[in-house]
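Student: with the input below, show me the fold.
(chains A and B)
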There are 2 protein chains.
Amino acid sequence: MIEPRVLKGFRDTLPSVMIDKKELIGKLEKIFRSFGLTPIDTPALEYTEILLGKGGGETDKQIYRFRDNGDRDVSMRFDLTVPLARFVSEHYNELPMPFKRYHIAPVWRGENTQKGRYREFYQCDFDILGSDSICADIDILLMIKAGFDAIQPGEFRINVNHRKVLNAVLRTLGIEDKLVDVLRIIDKIYKIGADAVKSELSELGLTAAQTDGIIDYLHLDIAEKGAGITGDKIFGIIDELAGQVDDDGRKWLEQLRFVFNTVNELGIGDKFSYNPAITRGLDYYTGIVFESFVLDRIQFGSVCSGGRYDNLTALYSKTPVSGVGASFGLDRLLALLEDKSMLSGRASDTDILILNQNPDLMSEYQKAAQLFRKDGLSAEIFFDNKKIIQQYKYAEKKTIRFVILSDDNIKNGQVTLKDIVAQKEYAGINMSEVSGIVNNIKGGK
Amino acid sequence: MIEPRVLKGFRDTLPSVMIDKKELIGKLEKIFRSFGLTPIDTPALEYTEILLGKGGGETDKQIYRFRDNGDRDVSMRFDLTVPLARFVSEHYNELPMPFKRYHIAPVWRGENTQKGRYREFYQCDFDILGSDSICADIDILLMIKAGFDAIQPGEFRINVNHRKVLNAVLRTLGIEDKLVDVLRIIDKIYKIGADAVKSELSELGLTAAQTDGIIDYLHLDIAEKGAGITGDKIFGIIDELAGQVDDDGRKWLEQLRFVFNTVNELGIGDKFSYNPAITRGLDYYTGIVFESFVLDRIQFGSVCSGGRYDNLTALYSKTPVSGVGASFGLDRLLALLEDKSMLSGRASDTDILILNQNPDLMSEYQKAAQLFRKDGLSAEIFFDNKKIIQQYKYAEKKTIRFVILSDDNIKNGQVTLKDIVAQKEYAGINMSEVSGIVNNIKGGK
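Tutor: Just a heads-up that it's a prediction; the model follows:
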């Protein structure tokens, strides 16, 4: 006998979690489609050369890489961005431009599982490629907002920043040459605090004026962790920065202003904040960047992040394709909802269990089930000849609210519907009345 | 520069295919859920020991197997059945019994691609585990029928047989010891024909009487390829066989009779046939077996097959779990629909493209898009400042039927809706009227 077990860092998804996960995905897909995004899929396995490009980073060590039976050097995808770049390069002439796509699929990384991370997890990426318009960025932000509205995980805030504004500030402070190091330190501000940031910046060789300039820029007094800066204060800071940076910096500040003006005009400005500390890594994003937080669960980190990038396809094509995109952390979002006891707890979608009180009536049960399904309900029959108490236990385990009790009168269409939750019986009703009653109760009427 | 390409035997799924594929999956999921089935997921990677068991078969050569960074012997799943067996063994105490699950996910096999097969393909498995009742088998058959009804690929027939009836017939003919070889030959009947089957059976050492007995049993005169035997002839043959086989055989013939009686009583008997030639492989299935065909595309093979099996979990658990299940061939079904020009041809779900005639009006466009989406439509804005002809080309490439034309009057809510297909304009209407008009036209009213 072989011990049934999954690999370290992997896990099964049982029905109660899978039902909620699929519901979550369904809500997000509906939003993506309402904005004109289209779904794609790419292979789980690709040439290692494609996935790693020039390679050399942390990813190389984490990737599932091997030689296939044809001795090809292959790897399992570790994200959906690199496959997207390859996909767009390969199919460029077939795709409408701008190309708006979403892709919800698992990726694999041999990460350290001690951090509570899994080696297989779902990514939910959505991007708009081939448009330089700031309106594409706004559409991505609006989809994030609509996603939160659909999922309702509680009060949320989408924190927005602009990498080129940040660059301009650092340029103005005369520390553009230390950009990468400074970004890495700024990124830690909410973890290590202002004092530690100051001392790390000093260690880097920055003058007191430069260090103070960065701290001023971060507006730690009003930019709360996960919440950012909201309301009219945003425009005050934009005006203030506009007086400090160069022409290039002012150009990008106007983009930021346009973003906040637009969400205000759409009446949803309170969901967005300006957060000057957001950098989103070192070498990928080149424009607007953003992270999103559920305000009473900041500790879960950003549940949807992204930004604008230049030339996604540089490795594979002479035609540069820029874009803007984001990714919902589905597993993180599910963990957050679970932490807030906001998962449905449903073990199935079954509305009605037809109890098996007489195996000879099985084809009558089938007719009843067929009728209920035709009326849009989910209905099961308890097939096996077991005690009624065991049949009720099955209903309980599958969180089925209604059961059908019956006798020979079922041949004339007569049954008894029992609402287990309300402990109420609808005795001797006609089968055709069942769906109406069940739908009314489900609809909360 | 790296050439953007996928591995041999792998492929990308572009939006127009992915939209139809998702729609197909959505229809099937809805049916599975209406029968009380619940979704699960399992890892793409498992211990090789788990997936191959004792191994030694064809599968071993096709599997993607390697050593991970922790030097574990791992493999990518090659089907969803072995992971299900492991899953049920591992989570037995958490699961309701009978356990009804569906699982739609990719699997990987390094198969010979010259046969037009892909090395990554989706399986869509649905099973009822832990019930010996023939009613579980019937539910699986009813789901297949409902699946075809939802997908509407054309006239179809679900061919049913019983492995234990077949065994009883061979036992009666005195050739039970050559079971495996005889099954393999019977399985080829529609490929090689009666004469070749006869001569192969003779070569096996069967007497003329035994060979004739098998040919009689196959009822080749009335069992058409892919269509099987229908109507009252089924019960005639069951009666006839009941007079020939032993008591054990008669028991299983009664199961077959019950299946056909039930579908007749449900008024859907014409979708089911008896096909004595269906064997479904050699050592997995032990009861009812079935294959399903679209009658004007028999050459595509069975698009949904399955059957009943004993002790799925034998390798991993002392608790035997029997079951019955089936699998829709999603990729085959998509290819069949494409062959019949029955795919939607949609390149997106976008209803409305808001043309960009004046970039200064962008936030007005955003307000309009927000309104349309709130009314349940999918709406996009053309962000970039390009010629109108290019914007129409984009609409065409995304199969968008409606565009919004506007000028400064959009500030007062006034726009022009253009139906590109009908070449009709609704000039100077209020934005709030748009969704009503579009929904009416979409609904075919």
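Student: would you mind naming what in the stretch 301-445 of chain A lies close to chain B?
Tutor: Residues of the stretch 301-445 of chain A found near chain B, taking Cβ under 8 Å from any Cβ of the partner chain as the criterion, are A:315-318, A:347-350, A:353, A:362-363, A:366-367, A:370, A:373, A:377-381, A:383-385, A:394, A:397-398. C-beta coordinates here come from the backbone N, C-alpha and C atoms, glycine included.
Student: mind redoing it with 7 Å?
Tutor: Residues of the stretch 301-445 of chain A that fall close to chain B, judged by Cβ under 7 Å from any Cβ of the partner chain: A:315-317, A:348-350, A:362-363, A:366-367, A:370, A:373, A:378, A:380-381, A:383-384, A:394, A:397-398.
Student: tell me how chain A divides into domains.
Tutor: What the record gives for chain A is the domain set A:15-339, A:352-442, from automatic domain parsing.
Student: what residues does the stretch 151-300 of chain A have near chain B?
Tutor: By Cβ under 7 Å from any Cβ, the residues of the stretch 151-300 of chain A that approach chain B are A:Thr262, A:Glu265, A:Leu266.
Student: neighbour count added to those, as a markdown table?
Tutor: As requested, these are exported to a markdown table (neighbours: other Cβ atoms under 10 Å in any protein chain shown):
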| residue | neighbour count |
| --- | --- |
| A:Thr262 | 22 |
| A:Glu265 | 13 |
| A:Leu266 | 17 |
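Student: among the residues you listed, which ones are in helices?
Tutor: In this view, those that belong to helices under DSSP state H are A:Thr262, A:Glu265.
Student: just to revisit the earlier point, looking at the domains of chain A, which one is packed in the most?
Tutor: For these, ranked by mean neighbour count under the definition mean count of other Cβ atoms under 10 Å in any protein chain shown, the leader is domain A:15-339 at a mean of 19.
Student: how long is it end to end?
Tutor: Its start and end residues considered, domain A:15-339 measures 18 Å (Cα to Cα, to the nearest Å).
Student: same thing with stretch A:348-363?
Tutor: 24 Å.
Student: please state the offset of that stretch from the chain centre?
Tutor: Computed by Cα atoms, centre = their mean, to the nearest Å, the separation of stretch A:348-363 from the middle of its chain amounts to 38 Å.
Student: list the helices and strands the helix or strand hosting A:Asn161 packs on?
Tutor: Assigning secondary structure by DSSP states H and E places A:Asn161 in strand A:156-162. Contacting strand A:156-162 under the criterion 3 or more Cβ pairs under 7 Å, 6 or more residues apart in numbering or on different chains; DSSP states H and E are the following elements: helix A:134-151, helix A:247-265, strand A:272-274, strand A:285-294.
Student: please enumerate the helices of the stretch 201-350 of chain A.
Tutor: Residue ranges of the helices in the stretch 201-350 of chain A, as given by DSSP state H, counting those that start in this stretch, are A:208-218, A:233-242, A:247-265, A:330-339.
Student: the ones you listed into a markdown table, with extra columns for distance to A:Ser302 and mean pLDDT?
Tutor: As requested, those are arranged in a markdown table below (distance: least, Cβ to Cβ, whole Å; pLDDT from 0 to 100):
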| stretch | distance to A:Ser302 | mean pLDDT |
| --- | --- | --- |
| helix A:208-218 | 17 | 95 |
| helix A:233-242 | 19 | 97 |
| helix A:247-265 | 18 | 97 |
| helix A:330-339 | 8 | 95 |
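Student: is chain B contacted by stretch A:10-24?
Tutor: Yes - part of stretch A:10-24 sits near chain B under the criterion Cβ under 7 Å from any Cβ, namely A:Phe10, A:Asp12, A:Thr13, A:Leu14, A:Pro15, A:Met18, A:Ile19, A:Lys22.
Student: farthest-separated two in these?
Tutor: Comparing all pairs in the residues of stretch A:10-24 next to chain B by Cβ to Cβ, the longest separation belongs to A:Phe10 and A:Ile19, at 20.3 Å.
Student: just the residues of stretch A:10-24 next to chain B: which are in helices?
Tutor: A:Pro15, A:Met18, A:Ile19, A:Lys22.
Student: could you find the closest non-adjacent residue to the second one?
Tutor: Using Cβ to Cβ, 6 or more residues apart in numbering or on different chains and skipping residues adjacent in sequence, the residue nearest A:Met18 is B:Pro39, 4.3 Å away.
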